[in-house]
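> here is the input, now give the coordinates:
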Amino acid sequence: MNLKLMKTKNIYFTFSVLMMLFSFFSMFTKGFNLGIDFTGGNLYQLKFEKPVSKELVGNTLDDMSKTFPSLKSHKVQFSEGNVLFLRTQVADEKEKVGVLDGLKTKLGNFETVKTEKIGSVIGDELTKNAFMALLLASISILIYITIRFEWIYALSSVLSLLHDVIVTLGFVSFFQFEINTPFIAAILTILGYSMNDTIVIFDRIRENDHKYKGKKPFGEVIDESVNKVFWRSLYTSTTTLLALLALLIFSGESLKTFNITLFVGIIFGTYSSIWLASPMVYLMRRFKKPPKIEKTGKKDRGMEKVIV
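This next block holds a predicted model:
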């Protein structure tokens with residue numbers, strides 16, 4: 001592989017900017033499809049006369065969701081004594097009666113222990129804490145990479161992570177996938193995965209930069225470094241995506257948003273680690289103060305000494 005990142009970097013920058021603009025447009029116009037974890041809904045506690053299987057309950061609710069909108073987002077929890085807890089989106093009295101009648105017809109007789117309206121699991125305080133955790137994580141990354149590498153690497157990595165999160169949010173918003181508790185875990189996983197990939201590339205760039213000691217243009221150093229780790233990054237991402245693809249095919253609806261978010265996030269995380277983060281390091285290097293040049297005094301040899 002012989003990538004020429006520095007010659008084509010403007011293409012990648014343009015693509016990334018367009019994707020982020022599209023994501024912002026989708027988020028502000030279409031918004032997000034918040035699940036019952038965020039919006040609250042109705043809780044049904046049902047005690048069946050006979051045991052019912054999770055698979056049968058899941059398939060029944062999926063079929064009934066075509067008739068009853070409140071079932072499009074639901075969560076099921078089984079308890080001892082054939083007790084089932086069903087959480088759904090907010091429904092009026094007429095729809096609640098229809099849901100209970102439909103469940104009796106398809107699953108068998110049960111006693112309705114209680115039905116009540118419940119608040120969101122993820123309240124404003126927890127949402128605020130999640131954003132605070134993201135901010136602290138970004139600051140920690142900045143400090144760590146600045147210490148291990150340089151500030152230009154730190155800033156490039158954080159900007160790359162923001163790109164991955166924004167584009168993934170835009171994708172989820174555009175297709176109106178349900179945002180639930182596992183979605184938050186998926187976003188945090190994307191941050192960790194993308195950062196790991198980026199650090200591997202940055203480590204090779206730093207290694208080669210020290211190796212050549214200014215004898216080779218920095219742009220060529222980046223191209224060489226990325227080409228050396230390109231297949232390693234691609235193979236790692238491909239194997240991860242294949243595992244996620246299996247989960248997408250065989251897992252249930254409850255993990256759909258989690259799997260899709262991870263799948264999209266890892267694709268863009270791999271892209272940004274290779275085609276975005278490294279060119280940003282090159283551009284930011286221009287803001288770094290150039291090294292001083294000290295003449296050795298040997299005019300006949302024309303030698304110069306670089307003071308870093």
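> quick one: pLDDT of residue 124?
Per-residue confidence (pLDDT) for residue 124: 65.
> please disregard the earlier target; I meant residue 226.
pLDDT, residue 226: 92.
> ditto for residue 248
pLDDT, read off for residue 248, is 86.
> same question, residue 120
68.
> now do the helices in the chain.
5-29, 36-39, 54-64, 93-107, 124-148, 151-174, 181-212, 218-250, 256-271, 277-284 (DSSP state H).
> how many other residues sit next to the nearest residue to residue 2 once chain neighbours are set aside?
Residue nearest to residue 2 in three dimensions, not counting chain neighbours: residue 227, with 6.2 Å by C-beta to C-beta, 6 or more residues apart in numbering. Using the backbone N, CA and C atoms, a C-beta is placed for each residue, glycine as well. Look at residue 227: counted by other C-beta atoms under 10 Å, it has 16 neighbours.
> state the distance from residue 227 to residue 197.
Going from residue 227 to residue 197 by C-beta to C-beta, to the nearest Å gives 15 Å.
> same thing with residue 163?
13 Å.
> show me the shaky parts of the stretch 201-308 of the chain.
252-254, 287-308 (pLDDT under 70).
> burial count for the closest residue to residue 244 other than its chain neighbours?
Using C-beta to C-beta, 6+ apart and skipping residues adjacent in sequence, the residue nearest residue 244 is residue 263, 4.8 Å away. Using other C-beta under 10 Å, residue 263 has 19 other residues around it.
> and what of residue 250?
Residue 250 has 8 nearby residues by other C-beta under 10 Å.
> and for the one 5 residues further on?
Using other C-beta under 10 Å, residue 255 has 16 neighbouring residues.
> ok, now how distant is it from residue 191?
From residue 255 to residue 191 the distance is 19 Å (C-beta to C-beta).
> residues contacting residue 234?
For residue 234, the contacting residues are residue 270, by C-beta atoms under 8 Å, 6 or more residues apart in numbering.
> domain parsing of the chain, as residue ranges.
5-33+123-287, 41-118 (automatic domain parsing).
> low-confidence ranges in the stretch 1-150 of the chain?
Residue ranges of the stretch 1-150 of the chain with pLDDT under 70: 1, 120-127.
> hmm, back to that, deepest of the domains of the chain, which one?
Among the domains of the chain, domain 5-33+123-287 has the highest mean neighbour count (mean count of other C-beta atoms under 10 Å), at a mean of 17.
> return the residues in contact with the residue nearest to residue 244.
Residue 263 neighbours (C-beta under 8 Å, 6+ apart): 241, 244-245, 248.
> and of those, the nearest to residue 284?
Of all the contacts of residue 263, residue 241 has the smallest distance to residue 284: 30.0 Å, by C-beta to C-beta.
> that closest one and residue 266 touch, don't they?
Yes - taking contacts as C-beta atoms under 8 Å, residue 241 lies within contact range of residue 266: 6.1 Å.
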